[in-house]
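>>> Take a look and give me a structure for this.
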Amino acid sequence: MDTKLTFINQSQDSSKSEVLIFQKNTLSSLDEIPIAWKTIKYCGVNCSHPFTYANSIEISVSDIYGNYSPALMAQPGEQLSMANSGVVKELKSSGAKPGSVEVQVCNDLLAGSINVNVFRSGQLICRKTTLVPGEKAVFMFKPSIWLGVVSDVIEGSAINSAVMSHINTEISLQGIAAANLVMRGGGPGKNSTPFTFHLENVVAE
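All right, here's what the predicted structure looks like:
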């Protein structure tokens, strides 16, 4: 079941700060790029912004020319491969591996590197680049989101290390069908307090 979230700004911040939401691949490698899954901008005090966290992810493979394969839904344990099928390159699933919770994507092409793109709710959430033939990318996501207040971060773009170092709020969505995601804190001058995020009015699955 997908999780319906409603962001509500109850902060003291009149400058309408941007809120960054993203996930972390728990099996990430150095050549994997953390992506800004969602940015909430210009949401005024006491205003709201609804969005959906889909429990399933989709995988699409791209190449150096900017071409993308059709996206395939991937459940925990799913094993996919990009391979030559005659003259066509095709992303296929070989089904789920029993007992596994990770998603694997293999480059089984005869030649050529690929990028593996992971989408949630139709938006890019993770990318592993330059996967050469014979290599595989492995993904596993906890049912949680990371979020913080930022500036000038573009949705769908890479998150730099400076921004990552300032975000330390993780919120679990395990077993939640719907909830309000409430932001508080902020304010002008020396009376400013840190921004905080909490789930309220939680509806269990």
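>>> tell me which residues of the worst-scoring helix or strand of the chain on mean pLDDT are tucked away?
When the helices and strands of the chain are compared on mean pLDDT, DSSP states H and E, strand 32-34 comes out lowest with a mean of 73. By 16 or more other C-beta atoms under 10 Å, the buried positions in strand 32-34 come out as 32, 34. All C-beta atoms are positioned from the backbone trio N, CA, C, and that covers glycine.
>>> which residues in the chain form helices?
161-164 (DSSP state H).
>>> What are the structural domain limits within it?
Domain assignment for the chain by automatic domain parsing gives 3-25+35-54+143-204, 57-139.
>>> Could you export these as JSON lines, including mean neighbour count and mean pLDDT?
JSON lines is the format used below for the domains of the chain (neighbours: other C-beta atoms under 10 Å; pLDDT from 0 to 100):
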{"stretch": "domain 3-25+35-54+143-204", "mean neighbour count": "15", "mean pLDDT": "92"}
{"stretch": "domain 57-139", "mean neighbour count": "16", "mean pLDDT": "91"}
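>>> What residues does Glu205 make contact with?
Neighbour list for Glu205: 1, 175-177 [criterion: C-beta atoms under 8 Å, 6 or more residues apart in numbering].
>>> Which residue comes closest to it once chain neighbours are left out?
Distances taken as C-beta to C-beta, 6 or more residues apart in numbering place Ala177 nearest to Glu205, at 4.7 Å, with adjacent residues excluded.
>>> thought that neighbour was touching Thr3?
Yes: Ala177 is in contact with Thr3 according to C-beta atoms under 8 Å; the separation is 6.4 Å.
>>> residue closest to the middle of the chain?
Ile125 (2.9 Å; C-alpha atoms, centre = their mean).
>>> Next, the residue nearest to it when sequence neighbours are not counted: phi, psi?
Using C-beta to C-beta, 6+ apart and skipping residues adjacent in sequence, the residue nearest Ile125 is Trp37, 4.5 Å away. Backbone geometry at Trp37, expressed as degrees, to the nearest 10, gives phi -70, psi -50.
>>> now do the one 5 residues further on
The phi and psi values for Tyr42, taken as degrees, to the nearest 10, are phi 60, psi 30.
>>> Please report the distance of it from Ser85.
Separation of Tyr42 from Ser85 (C-beta to C-beta, to the nearest Å): 46 Å.
>>> which residues sit in contact with the residue nearest to Glu205?
Ala177 sits next to 1, 3-4, 203-205 when contact means C-beta under 8 Å, 6+ apart.
>>> try it again with 10 Å
Residues in contact with Ala177, defined by C-beta atoms under 10 Å, 6 or more residues apart in numbering, are 1-4, 202-205.
>>> got it, and Asp108?
By C-beta under 10 Å, 6+ apart, the residues touching Asp108 are 80-84, 89, 92, 133-136.
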